[in-house]
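A.B. asks: fold the following and give me the result.
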Amino acid sequence: MSNKVYINGDIVNADKAKISVSDPGLNYGYGLFETMQAYNGQIFLFDEHLKKLSDGAAALSIRSHHLKKFAKSSGRAQIGELLKANKLTTSNAYIKIVVTKGQETKNATIIIFAKATEEAKNKELRKRGVKAILTDEPNRYRPDIKSLNYMANIEARAEARKNQAYDAIFKSRKDKILEGSATNIFIVKDKRLITPKATGEILPGITRDEVIRLATANGLKVEISPIKTGELLSSDEAFLTNSIIEQVPVVKVDSRTIGNGKPGEITRKIQALYYLARGGK
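C.D. replies: Predicted coordinates for the structure are as follows:
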């Protein structure tokens, strides 16, 4: 993903990075990951991302002095050094932290990748909107944790691509809209911004939380409540969120046009508020 990577305290050429073949992350998917974005070298919502990573690691019984030190003190500086090593301090950068259980009696394995974001592509998605498809929720282990057991999400995204769509939106057996394969979802109905409650069925993303905070602080009505399939399809607006795409309007779901088929007023307002919050000029 980049020319240089961070692995267990060292920054090395990507082709020189090594982990043990017996690492549980490699053998069993025993680990988790977190993605974030840096803007001109500044990582947006870094503390929130690190708390989410630490909480997820604790839930998976991944505990080590190395991980604790990284999360509490050294992480920001080490990622900053990685951005410098990859010449990413004056552009937008995608950052991915992978943490595995590590070998028995040893510390967790921590790997960090950094690369330039596809900003031109992401801007176009935010401008024109995307199509999504609905898909039945597969069996997933702890969907509330961004674990390395990600095959169901990968298959859902592949299904979306086969249908010329950007993402697949999971719906439950009880006809509840949950989330996208790598995104959270919001809808707008009668000026109300609605997103599913984080009840263990979804991954509550950091960008989702920031959108809720910004909307509330700026006088928008926010409801955190279940969304039925019909409510999504009849919504005035809809958009997807994550730390890399920020907020991308959904203008079509399967064959159904959302609203007037164009990014809506509330979506545009959220995009503008987020842009300012992350340091846009």
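A.B. asks: how about low-confidence regions in the stretch 151-281 of the chain?
C.D. replies: 281 (pLDDT under 70).
A.B. asks: how about the strands of it, start to end?
C.D. replies: 167-171, 177-180, 184-189, 192-195, 221-224, 237-242, 246-253, 256-257 (DSSP state E, counting those that start in this stretch).
A.B. asks: show me the domain layout of this structure.
C.D. replies: Under the assignment automatic domain parsing, the domains of the chain span 4-117, 122-277.
A.B. asks: let me have the ones you listed in TSV, extended by mean neighbour count.
C.D. replies: All C-beta atoms are positioned from the backbone trio N, CA, C, and that covers glycine. Shown next, in TSV, are the domains of the chain (neighbours: other CB atoms under 10 Å):
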stretch	mean neighbour count
domain 4-117	17
domain 122-277	18
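A.B. asks: for Asn92, which of the strands of the stretch 151-281 of the chain is the nearest?
C.D. replies: strand 246-253 (10.3 Å; CB to CB).
A.B. asks: Three-state assignment for Met36, please.
C.D. replies: Judged by DSSP: H, G, I helix; E, B strand; the rest coil, the three-state class of Met36 is strand.
A.B. asks: my guess is His65 contacts Ile110. True?
C.D. replies: No. His65 is beyond contact range of Ile110, at 11.7 Å (criterion: CB atoms under 8 Å).
A.B. asks: span of stretch 57-69 from start to end?
C.D. replies: Taking CA to CA, to the nearest Å, stretch 57-69 runs 13 Å from one end to the other.
A.B. asks: residue boundaries of the helices in the stretch 1-150 of the chain?
C.D. replies: 24-28, 46-59, 65-69, 75-85, 119-128 (DSSP state H, counting those that start in this stretch).
A.B. asks: now the fourth one and helix 46-59, what's the angle there?
C.D. replies: I take that to be helix 75-85. Angle between the axes of helix 75-85 and helix 46-59 is 110 degrees (criterion: axes from the mean of the first three to the mean of the last three CA atoms, to 10 degrees).
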